[in-house]
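In: Provided below for reference: sequence and predicted model.
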Amino acid sequence: MLIDMHTHTFPSSDDSFMSPDDLIEAAKEAGLDGVCLTEHDRFWDPDEVKALADKHSFLVLPGCEVNTDAGHVLVFGLDSYLFGMHKPDFLRRHVDGAGGVMIAAHPYRRRYRRERAHLEAEYASMVEQACADPLFGLCDAIEGLNGRATAGDTAFTADLARRLNMGMIGSSDGHRTKHIGSAATRFDIEVKNLEDLIRGIRGGLYQAVCLRDAPTIAHVGGI
């Protein structure tokens, strides 16, 4: 199954330019089997998610992109925001209590400096510093393919994942319909609900896949 695990819709995410209906229709056209709604620090009401899924006869799952002090984290298994979730340690405890998972979103941000990446020693230092970031030790996986990343961003993330021995998901990080169908996560199990998705992540039954030959996306395998 192909699921886009990182998307944003308007007005829940004010930097998005597509409605939930637009997102789902674009996902269908792209050949996806499901999408996750991961708004910025906002959780969808489960009844609203179910209504969308029923309306479109399509798998729609709730999540959230939480802005923490150490970077953005995709969380699955929570249903509301609790003060303190901007602290990664607190967030991890809260997610564990709910039986959920945490995934580091676009891990290259603020860690990969494109203008210095051509220098071998500088690049090696970037990877070393990123590997030492405590955030990754708190996460269950990292976003290995992001549809809005450059090839350099993606290569850096792949190096980071190999060093950390972490699994990689794929997603569009879509804010416009044109982003949908760029990258996704292929699950080796049937995902019918949020519990299945969490079980797949915990069990390593997934891989990041590139769905579109775009100049900004490199083909990177999964775990």
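Out: Perfect, I can see it now.

In: quick one, strands of this structure?
Out: Here the chain has its strands, by DSSP state E, at 2-7, 34-37, 59-62, 64-68, 71-76, 101-104, 141-146, 168-171, 183-187, 206-210.

In: Quick check: which of these is buried the most?
Out: strand 168-171 (a mean of 29; mean count of other Cβ atoms under 10 Å). Bear in mind the C-beta positions are built from the backbone N, C-alpha and C, glycine included.

In: Can you give the distance of it from its chain's centre?
Out: Relative to the centre of its chain, strand 168-171 is centred 6 Å away, using Cα atoms, centre = their mean, to the nearest Å.

In: re earlier: tell me which of the strands of the chain lies nearest to Q129.
Out: strand 71-76 (13.2 Å; Cβ to Cβ).

In: Switch the strands of the chain over to CSV; also include mean pLDDT and distance to D15.
Out: Formatted as CSV, the strands of the chain follow (pLDDT from 0 to 100; distance: least, Cβ to Cβ, whole Å):
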stretch, mean pLDDT, distance to D15
strand 2-7, 98, 12
strand 34-37, 98, 15
strand 59-62, 98, 19
strand 64-68, 98, 11
strand 71-76, 98, 13
strand 101-104, 98, 20
strand 141-146, 98, 15
strand 168-171, 98, 16
strand 183-187, 98, 19
strand 206-210, 97, 23
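
In: which stretch among these comes nearest H118?
Out: strand 141-146 (21.4 Å).

In: sorry, back to before: using a markdown table, please lay out the strands of the chain together with distance to R116.
Out: Converted to a markdown table, the strands of the chain look like this (distance: least, Cβ to Cβ, whole Å):
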| stretch | distance to R116 |
| --- | --- |
| strand 2-7 | 27 |
| strand 34-37 | 33 |
| strand 59-62 | 38 |
| strand 64-68 | 25 |
| strand 71-76 | 20 |
| strand 101-104 | 22 |
| strand 141-146 | 20 |
| strand 168-171 | 24 |
| strand 183-187 | 26 |
| strand 206-210 | 25 |
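
In: so which of those strands comes closest to G84?
Out: Per Cβ to Cβ, nearest to G84 of those: strand 64-68, 10.3 Å.

In: Please state the offset of the longest helix seen in the chain from the chain centre?
Out: Counting residues, the longest helix in the chain under DSSP state H turns out to be helix 151-164. Here helix 151-164 is found 15 Å from its chain centre; the criterion is Cα atoms, centre = their mean.

In: Could you point out which of the strands of the chain sits nearest D89?
Out: D89 sits nearest to strand 64-68 of all the strands of the chain, at 9.6 Å, using Cβ to Cβ.

In: The closest one versus strand 2-7: what angle between them?
Out: 40 degrees (axes from the mean of the first three to the mean of the last three Cα atoms, to 10 degrees).

In: helices or strands up against strand 64-68?
Out: strand 71-76, helix 88-98 (3 or more Cβ pairs under 8 Å, 6 or more residues apart in numbering; DSSP states H and E).

In: now do 6 Å
Out: Judged by 3 or more Cβ pairs under 6 Å, 6 or more residues apart in numbering; DSSP states H and E, strand 64-68 is in contact with strand 71-76.

In: Which elements pack onto the longest helix of the chain?
Out: helix 120-131, strand 141-146.
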